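> sequence? don't have it. structure:
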Ligand SMILES: NC(=O)c1ccc[n+]([C@@H]2O[C@H](COP(=O)([O-])OP(=O)(O)OC[C@H]3O[C@@H](n4cnc5c(N)ncnc54)[C@H](OP(=O)(O)O)[C@@H]3O)[C@@H](O)[C@H]2O)c1
């Protein structure tokens with residue numbers, strides 16, 4: 001029998017790949033989105049349009065109790081890639097309370113599993129995002145609904161910032177740039193998560209196939225845009241001062257500074273999986289950026 005699965009965070013970079021992968025595996029897919037029009041258009045960083053992939057649309061905001069009440073009726077499973085990345089919102093409202101509202105409804109509806117996308121090493125992070133994600137993972141782990149918690153390394157989408165810096169001629173890393181990570185493509189992560197959906201509850205730390213230092217990633221980005229590498233190491237003390245100042249400006253600036261600063265300072269290497277390589281992704285995106293620039297000049 002076809003299983004019915006709810007995806008929240010479906011319009012995001014990962015969420016769109018997830019919907020595509022689950023649909024490919026013949027799930028009946030329900031999504032919660034804030035704008036159907038935006039969902040149906042192409043997504044960010046090459047992620048797919050949801051136009052032909054969704055069976056059941058719920059339009060609303062996860063912070064609205066009227067949206068989440070009964071959202072799991074008729075649903076067998078839930079997967080959440082819901083979170084605050086670049087949106088102007090408090091992670092405690094979305095990553096914690098938003099996911100919690102849907103989990104509570106999943107418990108009421110007695111769904112078979114709840115897949116949650118956290119982030120690698122959130123338990124050591126001091127940003128609001130990391131603390132909210134750790135808190136929700138803990139609630140999900142203790143839920144009556146079996147939880148699959150997937151903690152990924154950085155996504156290819158986020159590393160596109162390195163291309164932007166390389167195009168501008170200079171990039172920044174922390175200290176000597178030896179922090180390691182294995183970035184993962186949204187399609188590869190979606191594949192890994194879809195494999196876990198019918199699985200037992202558990203927790204997985206996961207990343208892409210290439211384990212690289214920040215310096216190596218910067219070199220790949222400069223290579224992709226055809227420029228000579230020029231990167232600067234920011235001393236750890238400068239980052240700590242920036243955090244001190246950010247904490248006094250606003251909770252949002254504090255969260256962003258701590259999130260990105262700690263990301264630059266902490267190795268994030270999960271179980272290597274997938275077939276997409278960051279060097280190739282950089283080359284494709286550098287070319288796409290160049291074509292767009294040529295088009296706008298022509
Ligand atoms: N990006 C990374 O490198 C990375 C690494 C590890 C873990 N993660 C985690 O993986 C998850 C997905 O990341 P991503 O890069 O795909 O993020 P993303 O592109 O920003 O997607 C976030 C999703 O959450 C939705 N959302 C936010 N606030 C909402 C609200 N109030 N009501 C309904 N939906 C709301 C967004 O909807 P809208 O489109 O309407 O804003 C979007 O669909 C996040 O939890 C993130 O923390 C990300």
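That came through, no problem. Predicted, not measured: the structure shown is a model, and the values here were computed from it.
> which strands border the host helix or strand of residue 150, and is each parallel or antiparallel?
Assigned by DSSP states H and E, residue 150 belongs to strand 147-152. Using DSSP bridges, strand 147-152 pairs in its sheet with strand 113-117 (parallel), strand 202-207 (parallel).
> so for the first one, mean pLDDT?
Right, the one you point to is strand 113-117. Taken as a whole, strand 113-117 has a mean pLDDT of 98.
> after that strand comes which helix or strand?
Immediately after strand 113-117, counting by DSSP H and E, sits helix 128-141.
> which parts of that following helix are buried?
128, 129, 130, 131, 132, 133, 134, 135, 136, 137, 140 (16 or more other C-beta atoms under 10 Å). Where you see a C-beta, it was placed from the backbone N, CA and C, and this is true even at glycine.
> can you tell me which of those lies nearest to residue 24?
Comparing the buried residues of helix 128-141 against residue 24 with C-beta to C-beta picks out residue 140 as the nearest, at 25.5 Å.
> so what's the closest residue to that closest one other than its chain neighbours bridging to?
Leaving aside its sequence neighbours, residue 140 sits nearest to residue 147 (C-beta to C-beta, 6 or more residues apart in numbering; 4.1 Å). Under DSSP bridges, the beta-bridge partners of residue 147 are residue 114.
> can you pull the residues of the stretch 151-298 of the chain lying near the ligand?
For the stretch 151-298 of the chain, the residues in contact with the ligand (C-beta under 6 Å from any ligand atom) are 152, 154, 155, 157, 158.
> ranking by neighbours, what's the top pick from the residues you listed?
residue 152 (28 neighbours; other C-beta atoms under 10 Å).
> which residue packs closest to residue 14, ignoring adjacent ones?
Nearest non-adjacent residue to residue 14, counting by C-beta to C-beta, 6+ apart: residue 81, 4.4 Å away.
> what sits against that neighbour?
7, 8, 9, 10, 12, 14, 15, 18, 117 (C-beta atoms under 8 Å, 6 or more residues apart in numbering).
> isn't residue 125 up against residue 259?
Yes: at 7.2 Å, residue 125 counts as touching residue 259 under the criterion of C-beta atoms under 8 Å.
> circling back to that earlier point, the residue nearest to residue 140 contacts residue 116, correct?
Yes: under the criterion of C-beta under 8 Å, residue 147 makes contact with residue 116 at 6.2 Å.
> quick check: neighbours shared by the two?
Listed as contacting both residue 147 and residue 116 by C-beta under 8 Å, 6+ apart are residue 140.
> so which of the contacts of residue 81 are in helices?
The subset of those located in helices under the criterion DSSP state H comprises 14, 15, 18.
> pull the number of nearby residues for the nearest residue to residue 196 once chain neighbours are set aside.
Take residue 196 and drop its neighbours on the chain: the residue closest to it by C-beta to C-beta, 6+ apart is residue 148, 4.7 Å away. Neighbourhood size, residue 148 [other C-beta under 10 Å]: 22.
> tell me the pLDDT of residue 148.
Reading off the model, residue 148 has pLDDT 98.
> that one touches residue 202, doesn't it?
Yes: look at residue 148 against residue 202 with C-beta under 8 Å: they come within range, at 6.1 Å.
> joint contacts of those two?
What both residue 148 and residue 202 touch, as defined by C-beta under 8 Å, 6+ apart, is the set residue 196.
> tell me the pLDDT of residue 55.
At residue 55, pLDDT is 98.
> same deal with the one 10 residues further on?
pLDDT, the model's per-residue confidence, is 98 for residue 65.
> show me the contacts for it.
With contact taken as C-beta under 8 Å, 6+ apart, residue 65 is in contact with residue 101.
> ok, which stretches of the stretch 151-298 of the chain are strands?
Along the stretch 151-298 of the chain, the segments classed as strands by DSSP state E, counting those that start in this stretch run 171-174, 180-181, 202-207, 212-213, 231-234, 271-272.
> right, and the ones you listed - which one's nearest residue 94?
When the strands of the stretch 151-298 of the chain are compared by C-beta to C-beta, strand 202-207 sits nearest residue 94, at 21.2 Å.
> tell me the mean pLDDT for that closest one?
Here the average pLDDT along strand 202-207 is 98.
> and that strand, how far out from the chain middle?
Centre-to-centre, strand 202-207 and its host chain are 14 Å apart (C-alpha atoms, centre = their mean, to the nearest Å).
> what residues sit buried inside that strand?
204, 205, 206, 207.
> so which of these comes closest to residue 162?
Nearest to residue 162 among those is residue 207, at 16.4 Å by C-beta to C-beta.
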